[in-house]
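>>> The sequence isn't on hand, but the structure is:
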């Protein structure tokens, strides 16, 4: 054992570097593995359906309001530019599915235009959101 000399002070500092490394690695792990909830931008009143199923991989959301507005990624989009926006989003995530949230008061013609633009953009997995009736 070492003897303490009168002039020397004992070092009592705790090395925090390993703990900070572990916390930083845990933070990165949680950020990478977290599933973020995406929103279309507006609240729509979805129609009821007895056969509605929960879609786990709805990565691209498009909302159609009752007054005929199309919303993608929390911003209003002209119906003529839906295809270009969907192509860009599909290029970022090729495995992503498209979920169209159409208001029950919206027009079917606009829904068909959005579905057609999605198919032309190369998105094969297209779903329509509905409320499950129990």
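Yep, that arrived. Since we're looking at a predicted model, the values are computed, not measured.

>>> Report the contact partners of residue 19.
Applying Cβ atoms under 8 Å, 6 or more residues apart in numbering to residue 19 gives no contacts. Backbone N, C-alpha and C define where each C-beta goes, glycine included.

>>> Sort out which residues of the longest helix along the chain are buried, please.
What stands out as the longest helix in the chain, according to DSSP state H, is helix 17-33. Of the residues in helix 17-33, none count as buried by neighbour count, 16 or more other Cβ atoms under 10 Å.

>>> Distance from it to the middle of the chain?
23 Å (Cα atoms, centre = their mean, to the nearest Å).

>>> What separation do you get for residue 107 and residue 12?
Note on residue 107: its distance to residue 12, by Cβ to Cβ, to the nearest Å, is 74 Å.

>>> neighbour-wise, which of those two wins?
Per other Cβ atoms under 10 Å, whichever of residue 107 and residue 12 has more neighbours is residue 107, with 14 against 5.

>>> That one contacts residue 69, correct?
No. In this structure, residue 107 is not within contact of residue 69 by Cβ atoms under 8 Å, at 11.5 Å.

>>> which SS class is residue 98?
In three-state terms, and counting by DSSP: H, G, I helix; E, B strand; the rest coil, residue 98 is strand.

>>> For it, give me its contacts.
By Cβ under 8 Å, 6+ apart, the neighbours of residue 98 are 58, 59, 60, 61, 62, 86, 118, 123, 125, 126, 127.

>>> Give me the neighbour count for residue 90.
Neighbours of residue 90 (other Cβ under 10 Å): 19.

>>> which residue ranges form the helices in this protein?
Taking DSSP H to define them, one finds helices in the chain at 17-33, 82-92, 108-120.
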